[in-house]
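**Q** give me the fold of what follows.
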Amino acid sequence: MRTGTNGNNIPADVVRGGNTADSQVQNKTAAIQSEVNVVIGVMQENIDKAMKRGEKLESLHNKTQSLEAGAAKFKKGATKVYNNMWWKLQ
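**A** So this is what the prediction gives:
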C-alpha cells in the first residue's frame, strides 16, 4: 500500500494505473456507450421508417382526393344521363 497525498491508503496497482477501479469504470463506460450507440441506431431507423410512412400516407391522401374528385364527376355525369333519359321517356 502507498499513502496518498491526503493520507488515505491507495493500493499500489491503482497508483501505477493498474487494472482496478479505474479500468472497471472505463469498462462500464464503454459498455454504456455501446448500448447508447445501439439505441441511437434503432432511433435513426425508427425516424427513417416514420418519414417513409409519412411519405406513403401523403401519396395515399393525394390518390384518395383524386379518386374522390373522379367519383363526384362520375356522379354528376350519371345524374345528367339519368335525367336526360327520364325526360325522353316522358
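
**Q** residues of stretch 24-31 that come out buried?
**A** Neighbour-count burial for stretch 24-31, counted by 16 or more other C-beta atoms under 10 Å, picks out no residue. The C-beta positions use only the backbone N, C-alpha and C, and glycine is treated the same way.

**Q** distance from that stretch to the middle of the chain?
**A** 28 Å (C-alpha atoms, centre = their mean, to the nearest Å).

**Q** and for stretch 59-66?
**A** Here the centre of stretch 59-66 is set off from its chain's centre by 24 Å, with C-alpha atoms, centre = their mean.

**Q** all strands for this structure, in order.
**A** For the chain, strands defined by DSSP state E occupy the ranges 2-3, 9-10.

**Q** what average pLDDT does the first one get?
**A** On average, the pLDDT along strand 2-3 is 49.

**Q** please apply the same query to stretch 68-85.
**A** pLDDT averaged over stretch 68-85 gives 96.

**Q** now swap in stretch 35-51 and tell me
**A** pLDDT averaged over stretch 35-51 gives 98.
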